[in-house]
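Engineer: following is a predicted model, sequence given first.
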Amino acid sequence: MEIHEVKRAYERTLLRKANVVGVMTGYKIKEGEKTDDLSIICMVEKKVSEEKLKKQDVVPPIIKDAMTDIIEVGRFRALQIDKKARHRPCPMGTSGGHYLVTAGTNGELLRDKRAGKICIGTNNHVGANSNNAQIGDPYLQPAPYDGGTVQNDTIGHLLRFVPIVFAFELSDCIAARFWSGLYNVPARAFGRRTRLQPVVAELEYNLVDAAMIEVDMNDVLPSIVDIGVPKGIRQAVLRMAVQKSGRTTCHTVDGEISGLDATVGPINYGGRFAYFKDQIVISNEGFSAGGDSGSLVLDMEGYAVGKLFAGNEEQNTTIANPIQTYLDLLDAELYLG
């Protein structure tokens with residue numbers, strides 16, 4: 001019998017022995033050195049001398065002409081991480097945010113093309129407080145809502161963001177300001193409280209909700225919790241199955257791209273509204289929720305396809321920027337470790 005067949009035939013018997021927590025095939029280790037002898041290896045919680053074991057719990061040195069070996073590995077447990085806690089170094093898919101926001105997600109690591117700096121990639125509304133931040137502002141991990149403070153939890157500083165154009169904002173047009181000011185003179189003269197204000201009436205569409213946070217490489221990890229290091233980027237296609245790892249709903253794997261080239265709006269940013277075009281629409285219940293903004297959306301092979309920034313939990317819909325547009329407008333590239 002081949003050693004793999006022997007291992008499969010006897011693994012249940014070996015797993016019943018006291019202390020054994022795993023069985024595998026590998027190279028036998030002798031006097032601390034790995035040999036070229038392929039063996040059936042029993043992983044044990046703790047090595048115990050034969051004298052302290054019952055006869056039925058001793059691993060035989062040979063099974064059906066296959067050598068055995070024993071290695072101590074301790075007790076296995078599911079590797080879990082509290083995404084809302086402080087981590088240094090910090091993996092992606094965890095809580096983070098500008099010091100004046102509530103909470104969002106550290107999506108992935110980026111490399112700044114201009115100066116080669118390593119950055120956390122997230123949304124403007126997570127890392128730049130929806131245009132209200134200053135370059136260099138503190139970015140916290142965990143986010144303020146999860147207990148992060150500037151004094152103890154600053155992991156980086158805002159390096160760059162793509163401004164969001166909000167609909168019906170006050171216009172900076174000089175002519176419009178002049179004429180509205182002129183028409184307000186009679187109102188003031190007659191003690192009226194009403195004033196004219198120039199606003200931008202023509203809709204202007206956004207392409208991304210994006211920001212990047214400069215960090216020290218020693219404080220971060222390129223791996224995304226429950227997913228690993230992204231393998232690269234791909235273009236989204238209809239019916240593509242996608243996943244993400246975010247602060248709130250953690251690792252979700254049941255997303256499906258149901259729309260491309262989507263124009264959406266108005267999207268509510270706390271009383272300010274913005275419109276977007278050329279977006280990706282992801283369907284399926286529970287794929288995202290508040291606090292997942294900033295998550296990287298990947299296909300099931302681990303290639304990035306989009307940047308999650310908005311959604312409607314009641315209608316099970318998530319909106320994401322196309323990954324290439326997101327990277328181009330930030331002038332960055334995905335850091336692959």
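Structural biologist: Yes, it's here.

Engineer: okay, and H125 sits in which element?
Structural biologist: Element membership for H125 (DSSP states H and E) is helix 124-127.

Engineer: can you list the strands that whichever helix or strand comes after that helix pairs with?
Structural biologist: Using DSSP H and E, the next helix or strand after helix 124-127 towards the C-terminus is strand 138-140. With DSSP bridges as the test, strand 138-140 is paired with strand 95-98 (antiparallel), strand 154-161 (antiparallel).

Engineer: pLDDT averaged over stretch 269-282, what's the number?
Structural biologist: Model confidence over stretch 269-282 averages 94 on the pLDDT scale.

Engineer: give me the buried positions along it.
Structural biologist: 269, 272, 274-276, 279-282 (16 or more other C-beta atoms under 10 Å). Yep, even glycine has a C-beta here, placed from its N, CA and C like the rest.

Engineer: related to what we said a few turns ago, and the strands paired with strand 138-140, which is most packed in?
Structural biologist: Greatest average neighbour count among those goes to strand 95-98 (a mean of 30), per mean count of other C-beta atoms under 10 Å.

Engineer: name the surrounding residues that touch whichever helix or strand comes after that strand.
Structural biologist: Sequence-wise, the next helix or strand downstream of strand 95-98 (DSSP H and E) is strand 104-105. Strand 104-105 has contacts (C-beta atoms under 8 Å, 6 or more residues apart in numbering) with 93-97, 122-123, 125-127, 143, 246-248, 291-295, 308.

Engineer: skipping adjacent residues, who's closest to A320 in space?
Structural biologist: G306 (3.3 Å; C-beta to C-beta, 6 or more residues apart in numbering).

Engineer: I3 touches K28, doesn't it?
Structural biologist: No: under the criterion of C-beta atoms under 8 Å, I3 makes no contact with K28, lying 11.2 Å away.

Engineer: and which of the buried residues of stretch 269-282 is nearest to K64?
Structural biologist: Comparing these against K64 with C-beta to C-beta places I282 closest, at 51.4 Å.

Engineer: which secondary structure element is home to the closest residue to the closest one other than its chain neighbours?
Structural biologist: Of all residues not flanking I282 in the chain, T318 sits nearest, at 4.2 Å (C-beta to C-beta, 6+ apart). For T318, the host element (DSSP H and E) is strand 317-322.

Engineer: and if you look at G265?
Structural biologist: Assigned by DSSP H and E, G265 belongs to strand 250-269.

Engineer: that strand vs strand 317-322, what angle?
Structural biologist: Orientation of strand 250-269 against strand 317-322 (axes from the mean of the first three to the mean of the last three C-alpha atoms, to 10 degrees) gives an angle of 90 degrees.

Engineer: cool, thanks, talk later.
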